[in-house]
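Asker: how does the following fold in three dimensions:
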Amino acid sequence: MTDTLFQAYVPLLFWTGLGLLLFRFLPDSLPRFLGRSLYWVGIPLEILALARQTNFADQIGLAPLATIAILICGLVLAWTSLQIVRKTASNTRLNSGETDAPVQEAIAEKSLHAIATSSITEQPAVNFWEARSRQGSFILSSMFGNTGFVGLAIAPAFVSEDYLGWIVFYSITHNVVGTYGIGVFLASYFGRSVHQISWRTLVRDILTVPSLWAFTVGYLTRAVELPSILESGLHSCIWVIIPTALLLMGMRLSQLQGWNSLRLALVPAVLKVFVVPSLVGLVATLAGLPAEPRLALVLMSGMPTAFAGLILAEEYELDRDLIASIIVLTTIMLFVTIPIWLFLFGDRPIF
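Answerer: Numbering: from 1, shown residues only. You can find the predicted model right below:
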């Protein structure tokens, strides 16, 4: 397992670090081009290849249900933690001897909208957790992980082929039900978008997720034998897609603003990469789930906060600084948590 851990960390560190270093010398439009290319072509090809080579176990139907349950658990924990943080921040302000005068003065100088969307460091007198835009960022960042680019690049290294379907199912369900379903709803609820999201638009967005169609095609064509050159090319493309995804993550990290909010991002970051996966592993163990699917669920639920959160923040005017800080923290914490999950929930010793 030490060799597997080393083999997973080396490309993660190398390609992510390379993306961080090279971005300043590359066109600003390159990350968007890579992101769209991976979304529409790269990740669907990887899912197609994984779906064709996966020996789906009898319990594979549990994966989507488990993913939805994990999303709901994340939502409940995020909402509860947010209320505790709000209450604690309010009590701290009152116990420090602050009166409402500074708050009223701050509100007088700015509109409510400006307060809600301004940087955290610009609001020393105001309980910033009362801003709906910040509350939305807190919840989104605590719930949705980067299961596509990062999850599909890392998790398969620790799970045998018989259970790769759990990882693929988790990624698709997480993106379709989570990011493009619950995520859009929450962003719209907490945000200040001028757009009205109709059910027709939401259904269209879900049905046009390319990874969903790629999985369907791959699953239905498992018995179809492709020409050897196509089959080998399909599997070889994974070794191009994974470095590209990690390279993109490094570029995106170099673009992030709002690192001053790291202290405030600690609670949602810990929720995302430690609390939720711990509960997933505990419940899966008590339910008698075999070690490999249990590890697959734990690893995927502990992926760092998704960059899609920044896209939703831009569209619905949520707090971009907070989400950016949480992405940074959860990405760093990933290197620490993976060995923990392998030790606690894997079926093979790490050392």
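
Asker: need the longest helix for this structure.
Answerer: helix 62-95 (DSSP state H).

Asker: which secondary structure elements does that one sit against?
Answerer: If contacts are counted by 3 or more CB pairs under 8 Å, 6 or more residues apart in numbering; DSSP states H and E, helix 62-95 sits against helix 132-143, helix 164-173, helix 266-270, helix 276-286, helix 291-301. All C-beta atoms are positioned from the backbone trio N, CA, C, and that covers glycine.

Asker: and these, which one's lowest on average pLDDT?
Answerer: Looking at the helices and strands packed on helix 62-95, the lowest mean pLDDT belongs to helix 164-173 (a mean of 90).

Asker: the next helix or strand after that one: which residues count as buried?
Answerer: Per DSSP states H and E, the first helix or strand lying C-terminal to helix 164-173 is helix 184-190. For helix 184-190, a neighbour-count test (16 or more other CB atoms under 10 Å) marks V184, L186, A187, S188, F190 as buried.

Asker: per-residue confidence at R200?
Answerer: 76.

Asker: ok so, going back, which one among the buried residues of helix 184-190 gets closest to S236?
Answerer: Nearest to S236, judged by CB to CB, of the buried residues of helix 184-190 is V184 at 35.0 Å.

Asker: now the buried residues of helix 184-190 as JSON lines including pLDDT and distance to A89?
Answerer: Listed next are these as JSON lines, based on pLDDT from 0 to 100; distance: CB to CB, whole Å:
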{"residue": "V184", "pLDDT": "81", "distance to A89": "28"}
{"residue": "L186", "pLDDT": "88", "distance to A89": "21"}
{"residue": "A187", "pLDDT": "85", "distance to A89": "23"}
{"residue": "S188", "pLDDT": "81", "distance to A89": "25"}
{"residue": "F190", "pLDDT": "86", "distance to A89": "17"}
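
Asker: list the buried residues for the longest helix of the chain?
Answerer: 62-64, 66-68, 70-71, 73-75, 77-78, 81-82, 85-86, 93.

Asker: and the angle from it to helix 132-143?
Answerer: 140 degrees (axes from the mean of the first three to the mean of the last three CA atoms, to 10 degrees).

Asker: report the distance from helix 62-95 to the chain centre.
Answerer: When C-alpha coordinates are averaged (CA atoms, centre = their mean, to the nearest Å), helix 62-95 and its chain have centres 16 Å apart.

Asker: mean confidence for that helix?
Answerer: Mean pLDDT, helix 62-95: 89.

Asker: going forward can the numbers begin at 342, since that is how I track them
Answerer: Let's use 342 as the start, then, which means that last one is helix 403-436.

Asker: by how many degrees do that helix and helix 505-514 diverge?
Answerer: 50 degrees.

Asker: just for the protein, where's the confidence low?
Answerer: 342-343, 345, 396-400, 433-468, 533-539, 542-543, 546-547, 598-602, 689-692 (pLDDT under 70).

Asker: do you know which of the helices and strands packed on helix 403-436 lies nearest A349?
Answerer: Once the helices and strands packed on helix 403-436 are compared by CB to CB, helix 632-642 is nearest, at 10.3 Å.

Asker: and the contacts of whatever helix or strand comes next after that closest one?
Answerer: Under the assignment DSSP H and E, the closest C-terminal helix or strand after helix 632-642 is helix 649-657. Here helix 649-657 makes contact (CB atoms under 8 Å, 6 or more residues apart in numbering) with 477-478, 481-482, 485, 520, 524-525, 528-529, 531-534, 536, 659-661, 664-665, 667-668.
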